[in-house]
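In: Starting from these lines, generate the structure:
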Amino acid sequence: MLCEEFPLLLPESLDLSVYHGFLNLKDCQGQQRKYWIRVENIPKAAGSMRGAILSCDSELRQLLKALTPETLQGRLGDSPDLRVYLLELQELAGRLLQKSSCTYLPAHDLYTKLMEELDQVGWYRLEHLDPSLRSLRLRFTDAGGRCHSVEVSFPANYPTAAPTCLVDLPEALVLRWQAGYGLQQIASQVEARLESYQVLWDGLDDLDANVWVLEPEQAPRAATHRRGALGGE
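Out: Predicted structure coming up:
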């Protein structure tokens, strides 16, 4: 299933016509690298992904420049559904990354800055830190005691440019960014967004606990609807 093969991708729309998140690729040293992608205009009926629109971060875009637009669009467009589309993209981009002879080493300034920022937000929040310092995962607990993991992916020119964040929310988190911002400002924006959904999640949790919910099964926090079975003898 899509969620098992691509766990860092989430639907952005209720009609499942838009997905966004991170694509995992392995570099030549066996390290996992995460690249932000967004696929929109996904057709409802399986058969062809022609017409789907791919957006991605600058690093993946640079990687895919090794392919002609015709090759990329042809391979991806011929996919019968989103799952195959993503597998094709993963294979194409993965081969290009494997062939790359560049070894990414984090700059000393970036290392120092991230260590200082983690001191500020609290190391207890850190769930994972990529060895290349390209990404990390932070853990947050909201007012209702619910735990949330936030994947933060850093561009090459961080902190001048904003990172991208993936978190299981009803709406995508787009960071407000300016010079001088860092992990502390990311944490503040995440906490504010979590707070805005407390009433909604309290209500949905109550439904999950007291109603026979037919779908979605194991609903993610991004899901804002439930279909339940009502009635009695």
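
In: what about the helices in the protein?
Out: Assigned helices in the chain, in chain order: 2-5, 58-64, 69-77, 82-99, 108-121, 183-196, 198-210 (criterion: DSSP state H).

In: tell me which strands and helices the helix or strand of the chain with the lowest mean pLDDT is in contact with?
Out: The weakest-scoring helix or strand in the chain, judged by mean pLDDT, DSSP states H and E, is helix 2-5 (a mean of 82). Secondary-structure packing of helix 2-5 (3 or more Cβ pairs under 8 Å, 6 or more residues apart in numbering; DSSP states H and E): helix 82-99. Glycine gets a C-beta too; all of them are placed from N, C-alpha and C.

In: Show me what the helix it packs on is packed up against.
Out: Packing contacts for helix 82-99, counted by 3+ Cβ pairs under 8 Å, 6+ apart, involve helix 2-5, strand 19-26, strand 32-40, helix 58-64, helix 69-77.

In: Same list (those) but as JSON lines, adding distance to D119 and mean neighbour count.
Out: Compiled in JSON lines, the helices and strands packed on helix 82-99 are given as follows (distance: least, Cβ to Cβ, whole Å; neighbours: other Cβ atoms under 10 Å):
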{"stretch": "helix 2-5", "distance to D119": "35", "mean neighbour count": "11"}
{"stretch": "strand 19-26", "distance to D119": "26", "mean neighbour count": "19"}
{"stretch": "strand 32-40", "distance to D119": "24", "mean neighbour count": "21"}
{"stretch": "helix 58-64", "distance to D119": "27", "mean neighbour count": "17"}
{"stretch": "helix 69-77", "distance to D119": "42", "mean neighbour count": "14"}
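
In: If I average pLDDT within each of those, which one is lowest?
Out: For the helices and strands packed on helix 82-99, mean pLDDT drops lowest on helix 2-5, to a mean of 82.

In: what's the offset of that one from the middle of its chain?
Out: For helix 2-5, the separation from the chain centroid amounts to 13 Å (computed by Cα atoms, centre = their mean, to the nearest Å).

In: contacts for that helix?
Out: Outside helix 2-5, the residues that touch it by Cβ atoms under 8 Å, 6 or more residues apart in numbering are 9, 82-83, 86-87.

In: Could I have the buried ones of those residues as ChimeraX selection syntax?
Out: Selecting only the buried entries of the contacts of helix 2-5 in ChimeraX, with 16 or more other Cβ atoms under 10 Å as the criterion:
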select :9,82,86
